[in-house]
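> missing the sequence, but the structure's below:
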């Protein structure tokens, strides 16, 4: 069955530290990948998405992700995190039927 | 606000009762999705509609669950004879017309607690 794995359940960083959250997907065909963020008390919001083209995708708020087909990975990065980046981050892949398959999420805590 | 809206935001019910949730998608979107999220997990797909047609249902959607989208606009998700295991956040999302790859926009969710 198609699946998405996120390696880190909880990451704690200090402000200005660099961030990399891991994501691996299982489907080997045409991939459509997403990172969503859920700030405390808010709904899921799209950070960035990859459908095709340049494997380095830039999203909102300084986030970027790199699609590496050979590694089945789509890791999320940010060079310098802020306290306001404290949130839960979800990686997701489209299933061919159009539904999203989500990873289990990574909780990011940024210490001021 | 032109985003996806859900009602109610919170629901507490006793085991065995029926509950119904409503989702209003972004107005020009023809696809509507229901997901369920439990603590510490990512959202899991339940079902989706294209216009008024229900095109796919997950194995997670037991016979006690039913969803409708009667006029291709808002949708309802009903759970009959609720069980404690139904306690979760129920999320609705919608996406547009041009491609199945359209970004899904999520609502705030309905948090259900079954006592």
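Arrived safely. Just so it is clear, the structure is predicted and the values come from calculations on it, not from any experiment.
> CA only for contacts and neighbour counts going forward, please
Will do.
> quick one: whichever strand in chain A runs longest to chain centroid distance?
Criterion DSSP state E: the longest strand present in chain A is strand A:87-94. The chain centre lies 5 Å from the centre of strand A:87-94; the measure is C-alpha atoms, centre = their mean, to the nearest Å.
> wait, does that strand contact chain B?
Yes - with C-alpha under 8 Å from any C-alpha of the partner chain as the criterion, chain B is reached by strand A:87-94 at A:90, A:94.
> contact partners for residue A:107?
A:9-11, A:86-89 (C-alpha atoms under 8 Å, 6 or more residues apart in numbering or on different chains).
> what does chain B put close to chain A?
B:33, B:40-45, B:48, B:100-101, B:105-109.
> any quick PyMOL command for the buried ones out of these?
Of these, the buried ones go into a single PyMOL selection, burial set by 16 or more other C-alpha atoms under 10 Å in any protein chain shown:
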select buried, chain B and resi 33+42+43+44+45+48+100+101+105+106+107+108+109
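> now the two most distant members of the residues of chain B next to chain A.
The most widely separated members of the residues of chain B next to chain A, counting by C-alpha to C-alpha, are B:40 and B:100 (28.1 Å).
> where does the spatially most central residue of chain B land in three-state SS?
For chain B, the residue nearest the mean C-alpha position is residue B:34 (3.2 Å; C-alpha atoms, centre = their mean). Secondary structure, DSSP: H, G, I helix; E, B strand; the rest coil: residue B:34 is strand.
> got it, and the one 5 residues further on?
For residue B:39, the reduced secondary structure class is coil; criterion used: three-state DSSP.
> wait, isn't it in contact with residue B:88?
Yes - between residue B:39 and residue B:88 a contact is recorded at 7.5 Å, counting by C-alpha atoms under 8 Å.
> comparing these two, which residue is more hemmed in?
Per other C-alpha atoms under 10 Å in any protein chain shown, whichever of residue B:39 and residue B:88 has more neighbours is residue B:88, with 17 against 10.
> noted, bye for now.
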